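Student: Fold the following.
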Amino acid sequence: MTPLPKPIVFVVDDYAPVRRSMVRLLHAAGFVVAAFASAEEFLAQYDPQTLGCLVLDVAMPTLNGLELQSLLIKLGSLLPIIFLTGASDIPESVRAMKQGASDFLTKPLDDEELLAAVRVAIEKHRALRREQAELSEIRGRLVTLTPREREVLDHVVAGKLNKQIADDLGTVEQTIKVHRAHVMEKMRVQSVAELVRLMERYRINGSVH
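Tutor: Numbering: from 1, shown residues only. Next up, the predicted model:
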């Protein structure tokens with residue numbers, strides 16, 4: 001098997017001494033690091049498929065940390081962000097956290113605090129990627145259903161019996177049984193309970209469409 005690529009810790013800070021210090025620390029802890037002096041430099045090479053996290057300075061010229069966070073959200077990025085600030089700015093912290101920041105640390109940085117935050121952020125990204133993969137898999141199964149099979153699925157998940165579904169859809173019970181068997185096969189489930197759990201997870205975390 002091909003080994004999974006190691007996660008990358010992206011460091012974006014316009015102040016070179018702090019940037020170099022973080023790179024040394026993260027390298028020493030065994031992380032793969034990519035460092036940038038600006039948000040623009042980072043965006044120019046960022047691949048959304050890369051596993052990892054972003055250690056991001058809040059106060060930077062041109063495009064600041066919070067603006068980069070907003071831009072990444074618009075791009076649909078799942079990359080967890082650890083914000084760094086030179087002073088404890090409560091409004092910025094609140095805004096960053098509301099937009100999904102993984103953590104918010106103040107300078108001068110505590111080495112162990114930063115390393116712990118990076119480990120948590122990378123595990124968070126792994127979990128998000130697993131969830132997205134599961135949702136994509138369910139979505140792939142759903143698109144194999146015919147429009148009538150999708151109607152039957154919705155009725156089955158709602159707890160209706162074959163006879164009730166047949167009445168609702170204006171057909172006979174035997175036809176519903178056939179559609180129902182196809183739904184179970186295409187959705188790769190063995191029971192109605194399993195189908196219900198699958199669709200609940202999809203509706204909570206994904207989209208019904």
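Student: Could I get the buried residue list for the helix or strand that contains Val178?
Tutor: Assigned by DSSP states H and E, Val178 belongs to helix 173-186. Residues of helix 173-186 classed as buried by neighbour count (16 or more other Cβ atoms under 10 Å): Ile176, His179, Arg180, His182, Val183, Met184, Lys186. The way it works is simple: take the backbone N, C-alpha and C, and place the C-beta from them, glycine included.
Student: tell me which of those is nearest to Pro5?
Tutor: Nearest to Pro5 among these: Lys186, at 32.5 Å, using Cβ to Cβ.
Student: On the pLDDT front, check the closest residue to the closest one other than its chain neighbours for me.
Tutor: If the residues on either side of it in the chain are set aside, Lys186 comes closest to Thr144, at 4.9 Å by Cβ to Cβ, 6 or more residues apart in numbering. Thr144 is assigned 93 on the pLDDT scale.
Student: Can you show me the helices along the chain?
Tutor: Assigned by DSSP state H, the helices in the chain fall at 16-28, 39-45, 65-74, 90-98, 111-142, 147-157, 162-169, 173-186, 192-205.
Student: Between helix 90-98 and the third one, find me the angle.
Tutor: What that stands for is helix 65-74. 20 degrees (axes from the mean of the first three to the mean of the last three Cα atoms, to 10 degrees).
Student: where does the closest residue to Lys163 other than its chain neighbours sit relative to Lys186, distance-wise?
Tutor: If the residues on either side of it in the chain are set aside, Lys163 comes closest to Glu173, at 5.3 Å by Cβ to Cβ, 6+ apart. Going from Glu173 to Lys186 by Cβ to Cβ, to the nearest Å gives 20 Å.
Student: before we move on, what about Leu26?
Tutor: Applying Cβ to Cβ to Leu26 and Lys186 gives a distance of 46 Å.
Student: Neighbours of the residue lying closest to Pro5 once chain neighbours are set aside, how many?
Tutor: Distances taken as Cβ to Cβ, 6+ apart place Leu51 nearest to Pro5, at 6.8 Å, with adjacent residues excluded. Around Leu51 there are 16 other residues, counting by other Cβ atoms under 10 Å.
Student: right, and Leu51 touches Lys124 too?
Tutor: No. Counting by Cβ atoms under 8 Å, Leu51 stays clear of Lys124, with 10.9 Å between them.
Student: Contacts made by the helix or strand of the chain with the lowest mean pLDDT with the rest, please.
Tutor: Lowest mean confidence among the helices and strands of the chain (mean pLDDT, DSSP states H and E): helix 90-98, at a mean of 72. By Cβ atoms under 8 Å, 6 or more residues apart in numbering, the list of residues contacting helix 90-98 from outside reads Val58, Gly65, Leu66, Gln69, Ile81, Phe83, Thr85, Phe104.
Student: Quick check: buried residues in that helix?
Tutor: Glu92, Ser93, Ala96.
Student: before we move on, what about stretch 159-173?
Tutor: Quick answer for stretch 159-173 (16+ other Cβ under 10 Å): Lys160, Asn162, Ile165, Ala166.
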